[in-house]
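In: Curious how this folds, go ahead:
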Amino acid sequence: MDEDLLDPAYVSDRLSRPPFVTLPGVVNVRDLGSYPTECPGYITKPGLIYRSGEVSFITEEGKQRLRDLGITTVYDLRSDTEMEKYETPIPTIEGVQVPEAMTQRFELYASGKIESFMTLYSQILDHAGPSFGVVLRHIRDLPQQGCLFHCTAGKDRTGVLAALLLKLAGVNDGAIVEDYALTRIGREPVRPMIMERLAKMPYFATNSERAMNMLSSRPETMVAFLQMLRDRYGGVEVYLRNTVGLTDEDVATIRRNLTTPLSRS
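Out: Numbering: from 1, shown residues only. Here you go, the predicted model:
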């Protein structure tokens with residue numbers, strides 16, 4: 001995918017339409033609802049699960065918008081080290097639970113090669129099971145309370161978890177790939193800030209192409225991930241049982257809570 005700057009008018013228009021959600025101070029916010037599933041007449045439940053980039057800069061208006069959306073919990077997938085490095089603490093949001101960051105630091109890969117991303121994503125799958133389990137159990141136990149999960153850019157850890165949820169709900173691979181690729185648009189407003197951060201690291205300071213490779217969200221990367229999930233982990237259900245520690249009953253309940261009948265009105 002071409003990583004040149006996108007046309008601002010196109011970005012603005014696309015961000016104004018679903019699945020993107022406006023949340024002042026937060027970028028790359030999307031509702032994972034309204035995707036058709038393999039069960040005829042059912043879609044993923046709107047207003048239940050949202051994904052985004054970091055919420056560290058959320059405004060007061062954004063906090064109110066969270067409450068208006070029915071989001072009761074924000075799950076932060078960043079590491080403590082990551083937040084300290086970028087000086088982005090967890091914000092206090094009245095009426096919304098924001099637990100401590102839940103996952104370990106992952107090595108960044110900047111070659112742009114699919115194989116490198118698969119190495120990263122397999123590390124995420126192997127080590128983030130406990131963190132993912134917290135979100136999944138929210139969906140199991142609190143299906144009437146919306147939640148939002150995020151990392152820094154809302155691309156890798158967030159993208160992997162979003163793919164797992166959509167796959168479990170029965171969304172087809174093409175739609176999951178499209179959801180992943182939308183981060184290309186969703187992160188565009190803060191691309192300069194992210195590049196500035198990365199420029200402070202010696203590895204990226206003299207090579208901006210490495211940074212752009214790391215930030216990429218190419219469709220073929222998610223295609224490869226979904227294949228890896230099947231081949232190496234036995235599919236989403238096996239992964240959730242073996243690595244996340246969910247029971248068959250948990251998995252069935254979460255799948256049921258993720259979907260809703262398509263309104264005929």
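
In: Give me the pLDDT for residue 211.
Out: Looking at residue 211, its pLDDT reads 60.

In: quick one: the strands in the chain?
Out: For the chain, the strands defined by DSSP state E occupy 30-31, 42-44, 49-52, 71-76, 146-150, 259-261.

In: Output the ones you listed in TSV, with distance to residue 239, mean pLDDT and mean neighbour count appended to each entry.
Out: For glycine as for every other residue, the C-beta is placed from the backbone atoms N, C-alpha and C. As requested, the strands of the chain are arranged in TSV below (distance: least, C-beta to C-beta, whole Å; pLDDT from 0 to 100; neighbours: other C-beta atoms under 10 Å):
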stretch	distance to residue 239	mean pLDDT	mean neighbour count
strand 30-31	23	98	22
strand 42-44	19	98	20
strand 49-52	18	98	25
strand 71-76	18	95	21
strand 146-150	17	96	24
strand 259-261	19	97	17
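
In: okay if I get those strands as TSV plus distance to residue 234?
Out: TSV is the format used below for the strands of the chain (distance: least, C-beta to C-beta, whole Å):
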stretch	distance to residue 234
strand 30-31	28
strand 42-44	23
strand 49-52	24
strand 71-76	25
strand 146-150	24
strand 259-261	22
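
In: right, and those - which one's nearest residue 118?
Out: Residue 118 sits nearest to strand 49-52 of all these, at 20.7 Å, using C-beta to C-beta.

In: so what does the closest one touch, helix or strand wise?
Out: With contacts defined as 3 or more C-beta pairs under 8 Å, 6 or more residues apart in numbering; DSSP states H and E, the packing partners of strand 49-52 are strand 30-31, strand 146-150, helix 157-169.

In: Format those as CSV; extra columns: distance to residue 62.
Out: Output for the helices and strands packed on strand 49-52, formatted as CSV (distance: least, C-beta to C-beta, whole Å):
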stretch, distance to residue 62
strand 30-31, 15
strand 146-150, 11
helix 157-169, 17
